[in-house]
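Novice: This is the structure alone, sequence omitted:
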């Protein structure tokens, strides 16, 4: 691929609900640009963006694909992201390096949860954006309904640039609102101009008036002319729109048909016309030597720096670090410094990636997106720069995973293979996390949703040839006591020669602090238990609290006092006193009205207002205590509740179903509380069954 200078580059992220048509839109754009001789389809599994086996099988995008499209001597780096919330981390990574966004909406299904999520991500990143309405060849598609819904949600910022023309229930052309001209597609792939149909005139006037009013608001001179009844030329309108689209005060709405490749020509033209090149955007980092702000601003004349926004660790195409060049011009064999790892990296060759294909390039200019192969230590969200001018950029905030499952190998001996495979997936996907829960004897895999985790399981099987099963996790219950008891145990064993003898008398009582496993004290008088055995007694307690007598959960909140006992001058040993203490602890624990404690989480659920009743009803069924609600922007409510961890199992699936994918939740550990009798009995019965 040729080298492109900063002013000839556009970095555009495709966002929207899953199934809205992002991947097929890329196919149509690539086809019109002459990159392919026919368009692939998601159904046939032959698209540029969805090349992974699991994507082809599921017929959905699972990760961001970069597709650079050359159009009118410009390079448009399209970042095609997954639309399902299970893979939100991919969209967050891509939006962090995009300079503008296209939010794709199906004209058939209209505004969906993913549309709102896409808008909110653009607002968070302050991205210029436009909407593209697909499926206009389908009879039930309604461009008017989509525009009306968008205007109801986001106000006067929404400005349709085109109106569809249908004849005999066929999508045959469009009205250009700026030019006030109608155009019909012909067999040559170009358009024929004709008079605006009478039935489109009213809508054209409404859209045109709204557009002119928005243009008038861009300057005092235009506003004055507008109130005086003056007209604006097409060039004046377009120049004002460039400014307004860039600052987000106007959000264009375009439309077309992906399958017919109609509407993509005007879309590509408008991307280059209205979206900013990187040199029109701001970008700043911190110089780590003097802690001063480094205004990179995608300036090719400044010291080299880049940001790693994504990692590909594919066994077939290899490991690549996807970067955006923030300043300077990168060249093969450059040596760049990674401040985060305190290491230098030799870049070797430079590449651009198009779906699954990798192509070498001579250099990458500021603002461009490319790839580096086999970096030694650098990881996603790291910064690269020169050692003389070490720069660090703010790491992209990625959604935290809250859904987890216990996992284990299906075949014994595959544990190491699974661990190695997961380490590669964790390199690619920052919304995955593994946790070794030693206290409960399990390894946990965290992700965004149940579907996300199941996808990981399938990728391990198809890509790395190892099988893993996902199981319900063991909740981190704890055991404690509720009354004071006095107990003793004498360990005596004779088997020829030296025997074993240890005798302890202890009291056990609630400590009143469930954050501390135990407190040990001794008040022995008269040498009934020699001092040199006190550590063995405490070691016995320390081992006993690791797995309690009730259900093998850790013990907490117990005060143990050694007050008496006896010893044998020959047969006593540390082992004997440790064993005696453990058994005394078990006996006393069961006499001290033991109870199970369950972990409680502070839960936040954010949903559109219309779903709050359903959400609160479901939380009540899950033994949650609702603590209140806070109104948020755009018609959302935040529900605050305390809920047992046990009841969070499969909550992501239920919330998705209740809110049609629009609800999100987060939680953090709050405290331990005594578990209800029915819950405790069930857990104890399960533990005893496992023991048998």
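Specialist: Structure received. This structure is a prediction, so every number in the text was calculated from the model and none was measured. Numbering: from 1, shown residues only.
Novice: where do the strands sit along the stretch 201-350 of the chain?
Specialist: 251-255, 284-287, 292-295, 305-314, 318-327, 329-330, 335-338, 343-346, 350-354 (DSSP state E, counting those that start in this stretch).
Novice: Would you mind giving those as a markdown table with mean pLDDT and mean neighbour count added?
Specialist: The way it works is simple: take the backbone N, C-alpha and C, and place the C-beta from them, glycine included. Below are the strands of the stretch 201-350 of the chain laid out as a markdown table (pLDDT from 0 to 100; neighbours: other CB atoms under 10 Å):
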| stretch | mean pLDDT | mean neighbour count |
| --- | --- | --- |
| strand 251-255 | 95 | 23 |
| strand 284-287 | 97 | 17 |
| strand 292-295 | 96 | 14 |
| strand 305-314 | 94 | 24 |
| strand 318-327 | 94 | 23 |
| strand 329-330 | 97 | 20 |
| strand 335-338 | 97 | 20 |
| strand 343-346 | 96 | 15 |
| strand 350-354 | 95 | 21 |
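Novice: now these as JSON lines including distance to residue 102?
Specialist: Formatted as JSON lines, the strands of the stretch 201-350 of the chain follow (distance: least, CB to CB, whole Å):
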{"stretch": "strand 251-255", "distance to residue 102": "9"}
{"stretch": "strand 284-287", "distance to residue 102": "26"}
{"stretch": "strand 292-295", "distance to residue 102": "28"}
{"stretch": "strand 305-314", "distance to residue 102": "18"}
{"stretch": "strand 318-327", "distance to residue 102": "18"}
{"stretch": "strand 329-330", "distance to residue 102": "27"}
{"stretch": "strand 335-338", "distance to residue 102": "32"}
{"stretch": "strand 343-346", "distance to residue 102": "33"}
{"stretch": "strand 350-354", "distance to residue 102": "18"}
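Novice: of all these, which lies closest to residue 624?
Specialist: Distance to residue 624, taken as CB to CB, is lowest for strand 305-314 among the strands of the stretch 201-350 of the chain, at 37.0 Å.
Novice: what distance separates the closest one from the middle of the whole chain?
Specialist: Between the centre of strand 305-314 and the centre of its chain there are 16 Å (CA atoms, centre = their mean, to the nearest Å).
Novice: Check stretch 239-256 too.
Specialist: 28 Å.
Novice: and it, which residues are buried?
Specialist: Buried residues in stretch 239-256, defined by neighbour count with 16 or more other CB atoms under 10 Å: 240-242, 244-246, 249-256.
Novice: Can you give me the end-to-end span of that stretch?
Specialist: In stretch 239-256, first residue to last residue: 24 Å (CA to CA, to the nearest Å).
Novice: Equivalent analysis for stretch 222-236, please.
Specialist: 9 Å.
Novice: tell me which residues of that stretch are tucked away?
Specialist: 222, 226, 232.
Novice: Next, give phi and psi for the last one.
Specialist: When read as degrees, to the nearest 10, the backbone of residue 232 gives phi -110, psi 140.
Novice: what about it, distance to residue 223?
Specialist: From residue 232 across to residue 223, the span is 11 Å (CB to CB, to the nearest Å).
Novice: if we can go back for a sec, minimum distance to residue 385: which of the strands of the stretch 201-350 of the chain has it?
Specialist: strand 305-314 (4.1 Å).
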